[in-house]
Structure formats: C-alpha cells, structure tokens
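Trainee: Sequence unavailable; structure follows:
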C-alpha cells in the first residue's frame, strides 16, 4: 500500500545551519507530495507541495523536489532560524486520503 | 474568513464511554475528513464525508462513526472508548470542486482526547 518514510528525529541545529529532512514514499499511482509543519498545540500547516515529477515546491526558504526516480521528496533549507523549530511531516495525497510520515522534530538553538 | 473550527479543544473520557467531536469546515468547503494523530506519530486517515455520506474510510473499526450535516459541518463519534483511542483528532476540510491537488485542504487545530 501507499506509505511515507521520513527521517527520524529529533534534529537539533544551530541557527543559520543547513537543514535536510529525508522523505521517501511508496505509491501505486501518481500522488501529490507535501510537507506540513506542526507547532506545539496546533494543527497542521501546509509548508509546500509538488504535484508531479520534477516539480519543486518552495515556501519561506524551504524547498523540496519531487523525484520519481528515487521516490523521494527531501526537505531543505539553507539557513534555519529559531522560529523554524517545529515538527515536520512529509505526506502524499492519493485519491481523497493523505498518508503521513511519523514526523521529524526540529529544534533550532540560537 | 474563519478556518476549520473544532470543538472541544480538550476532553477526558473514561474507558467504555462514548465521545462526540465536532468540526465546522472552512467557509466554501463542502468535504470533511477526519484524522487520528497518536502521540509521536503522523496523522492517520479515519474517513471522509461529502454530501452527507461517508465517501472513503481508512482502517478503523466500526466503533468510529461520523455524520455530516446539510451545512457541511461534521461529527466524529467513538463508542466503547479504549485507552488506545487517546490521541489528537484532526479535521480537514476541502472543496470537491477544486481542480488542483491539495484541493485547498485546511486542517483544524484538533481535539485532544484523553481516555483514562
């Protein structure tokens, strides 16, 4: 069945460091791929998305490229800030259903 | 423009009891999906409602049931609560008429259910 596997955390980085959170997926069709962010006590906020192979999603300095050949959608940011501290979820949407990874907790220290 | 509203925000129930969670979709949205997020896990799809009917269902037992009202709001009911039902329950609304993936899914802040 469809599923998402993402890098386990927690991840702790210093401010201005480079961030990579790995995400790979398994899907029978042609899913859309997403990164969601969850701050403490809150719901999910869409960070970025890509709808087909080779698409690059970007938002707030975060980027991810839909790689069909490696079934991956890794999240990157060149310089993280303390305000980026949150839990990040990789997800795929197929039909009417999201499949989420288990989440990666990121803490950025000043 | 109000987003997705869920109530209550927190509640505590005893094993064996029944619980009802409520969701008001974002204005203009006509479809509601429910997800269960256990502590330290990603959300898992419970079911989706459209036109007052269950459109799709995930791998959850029949103890989980739902309803959608003519105004598109929705309820999630869980019977015979188990300790393992303790989780954050998220509601997401969308508009079936959207053409692009993500279809404007908007998530609520969730209801934290604790079963003791």
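Mentor: Looks like it arrived, so ask away. Keep in mind the model is a prediction, meaning the values are calculated, not measured.

Trainee: Alongside chain A, which residues does chain B contribute?
Mentor: B:4, B:31, B:33, B:35, B:40-45, B:48, B:55-56, B:58, B:90, B:92, B:100-102, B:105, B:107-110 (C-beta under 8 Å from any C-beta of the partner chain). Where C-beta positions appear, they are placed from N, C-alpha and C, glycine not excepted.

Trainee: again, only this time at 6 Å
Mentor: Residues of chain B found near chain A (C-beta under 6 Å from any C-beta of the partner chain) are B:41-43, B:45, B:48, B:56, B:90, B:101-102, B:107-110.

Trainee: So among those residues, which ones count as buried?
Mentor: B:42-43, B:45, B:48, B:90, B:101, B:107-110 (16 or more other C-beta atoms under 10 Å in any protein chain shown).

Trainee: ok, residue B:55 to residue B:67 distance?
Mentor: Using C-beta to C-beta, to the nearest Å, residue B:55 is found at 13 Å from residue B:67.

Trainee: For the nearest residue to residue A:98 once chain neighbours are set aside, the count of nearby residues, please.
Mentor: Distances taken as C-beta to C-beta, 6 or more residues apart in numbering or on different chains put residue A:91 closest to residue A:98, at 5.0 Å, once the chain neighbours are dropped. By other C-beta atoms under 10 Å in any protein chain shown, 24 other residues sit near residue A:91.

Trainee: Count the neighbours of residue B:35 for me.
Mentor: 27.

Trainee: list the contacts for it?
Mentor: By C-beta atoms under 6 Å, 6 or more residues apart in numbering or on different chains, the residues touching residue B:35 are B:43, B:45, B:90.

Trainee: could I get these as CSV with pLDDT, distance to residue A:82 and secondary structure?
Mentor: Shown next, in CSV, are the contacts of residue B:35 (pLDDT from 0 to 100; distance: C-beta to C-beta, whole Å; DSSP: H, G, I helix; E, B strand; the rest coil):
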residue, pLDDT, distance to residue A:82, secondary structure
B:43, 96, 26, coil
B:45, 97, 33, strand
B:90, 97, 26, strand
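
Trainee: Just after the lengthiest strand in chain A, pick out the following helix or strand.
Mentor: Secondary structure of chain A read by DSSP state E shows that its longest strand is strand A:86-94. Using DSSP states H and E, the helix or strand that follows strand A:86-94 in sequence is strand A:97-100.

Trainee: So what touches that next one?
Mentor: A:2-4, A:89, A:91-92, B:42-43, B:45.
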